[in-house]
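1. got a structure for you, letters missing:
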């Protein structure tokens, strides 16, 4: 009997080792296959730094660069519903996080789907509002500090992501037609679009901060395709829109802003333009999130390697990357 048990134990161990070996082989094959599946993406992609917080229960969503200080800000929510966080990192992987709270001290647990910097503030996009946080408070914080929201600004869409340049702040929404719906339906040359990006003057937002302007209205609307996770506008007139849903491919659409089509419609007094007829499309790994313009390229990240989803850890998706769209 002892001999049988010993033999059975050996067989069991050999079986376990065989299963582990096959699993490792499969992961290795898939890691090689990704270069064939997404050849254009990997040809154009370079690593910027590690994507922070992925093993802390943090689910990254938004990204923006603060080139003046060489910093990159990453926003997102916590899987355990603790306060949403902003990580501050750099190309040397020196990072820390702050927890976001309201001015009253109450925890902010919003989606924190996007982040952008304009003037003296960083803005979070979350649930039909943007939330202003003092930039200096972010940059001078210590790891684990709380930072307070100084202003809550309502916008005219569901505010899933945000981008800012020197003149404008662009706030966009996500529509997947399954779990998340928005009601901005436009029939474009590329089909029916259900989401929009609203462009606001940064000067108007600053005026709203100071209560000199009691209302805030957009000056231009872009009708965008479903599943949008982020947008950015490049100095040479390109518009880059990242789209993803679940484990489907992330697709990066590139448009020329000058070729946006005037729909003839208005929304809240602003003309509506269609972002359709892309000039370039690049497919990449699943769960791509926000984008920003940084050092002549587009930086982005995925949420697939966070502890909520895990599988991205097997495919080295734990990095902030830059994509060259030239």
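-> Yes, it's here. Remember, predicted model here, so these are calculated numbers, not experimental data. Numbers count the residues shown, from 1 in each chain.

2. in the stretch 151-300 of the chain, what residue spans correspond to strands?
-> The residue ranges that make up the strands of the stretch 151-300 of the chain, judged by DSSP state E, counting those that start in this stretch, are 161-164, 168-172, 186-188, 191-193, 195-201, 220-224, 228-233, 238-243, 250-256, 261-267, 270-274, 280-284, 288-294, 297-302.

3. can you tell me which of those is most buried?
-> Here the criterion is mean neighbour count by mean count of other CB atoms under 10 Å, and of the strands of the stretch 151-300 of the chain the winner is strand 161-164, at a mean of 28. From N, CA and C alone the C-beta is placed, and that goes for glycine too.

4. report the distance from it to the chain centre.
-> Using CA atoms, centre = their mean, to the nearest Å, the mean C-alpha position of strand 161-164 is found 10 Å from that of the whole chain.

5. so what's the closest residue to residue 263 other than its chain neighbours bridging to?
-> Closest residue to residue 263 in three dimensions, ignoring its sequence neighbours and counting by CB to CB, 6 or more residues apart in numbering: residue 272, at 4.5 Å. Listed beta-bridge partners, residue 272: residue 221 (assigned using DSSP bridges).

6. okay, now the unreliable bits of this structure?
-> Low-confidence regions of the chain, defined by pLDDT under 70, span residues 1-33, 179, 212-213.

7. which residue ranges make up each domain of it?
-> Described in terms of automatic domain parsing, the domain architecture of the chain consists of the residue ranges 1-37, 46-323.

8. deepest-packed of those, please.
-> Neighbour counts (mean count of other CB under 10 Å) averaged over each of those peak at domain 46-323, with a mean of 19.

9. in space, what's closest to residue 41 - neighbours in sequence excluded?
-> residue 284 (4.1 Å).

10. give me every residue that touches the one you found.
-> If a contact means CB atoms under 8 Å, 6 or more residues apart in numbering, then residue 284 has 38, 41, 45, 249, 250, 251, 252, 323 as its contacts.

11. just checking, the last one touches residue 42?
-> No: Residue 323 is beyond contact range of residue 42, at 9.9 Å (criterion: CB atoms under 8 Å).

12. distance of residue 229 from residue 303?
-> Per CB to CB, to the nearest Å, residue 229 is found 9 Å from residue 303.

13. residue contacts, residue 325?
-> Residue 325 sits next to 44, 234, 238, 240, 252, 254, 280, 282, 297, 298 when contact means CB under 8 Å, 6+ apart.

14. if I look at the residue nearest in space to the middle of the chain, how far off is residue 196?
-> With distances taken as CA atoms, centre = their mean, the residue of the chain nearest its centroid is residue 290 (2.2 Å). According to CB to CB, residue 290 stands 17 Å off from residue 196.

15. please apply the same query to residue 80.
-> Distance, residue 80 to residue 196, by CB to CB: 32 Å.

16. do the same with residue 247
-> Here the distance between residue 247 and residue 196 works out to 26 Å (CB to CB).

17. residue 258 now?
-> With distances taken as CB to CB, residue 258 is found 19 Å from residue 196.

18. OK, contacts around the residue nearest to the centre of the chain?
-> Going by CB under 8 Å, 6+ apart, the list of residues near residue 290 reads 61-64, 113-115, 161, 229-230, 242, 300-301.

19. could those residues go into JSON lines alongside distance to residue 178?
-> Supplementary listing: the contacts of residue 290 in JSON lines, determined by distance: CB to CB, whole Å:
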{"residue": "61", "distance to residue 178": "18"}
{"residue": "62", "distance to residue 178": "22"}
{"residue": "63", "distance to residue 178": "25"}
{"residue": "64", "distance to residue 178": "28"}
{"residue": "113", "distance to residue 178": "17"}
{"residue": "114", "distance to residue 178": "21"}
{"residue": "115", "distance to residue 178": "25"}
{"residue": "161", "distance to residue 178": "18"}
{"residue": "229", "distance to residue 178": "15"}
{"residue": "230", "distance to residue 178": "19"}
{"residue": "242", "distance to residue 178": "18"}
{"residue": "300", "distance to residue 178": "23"}
{"residue": "301", "distance to residue 178": "23"}
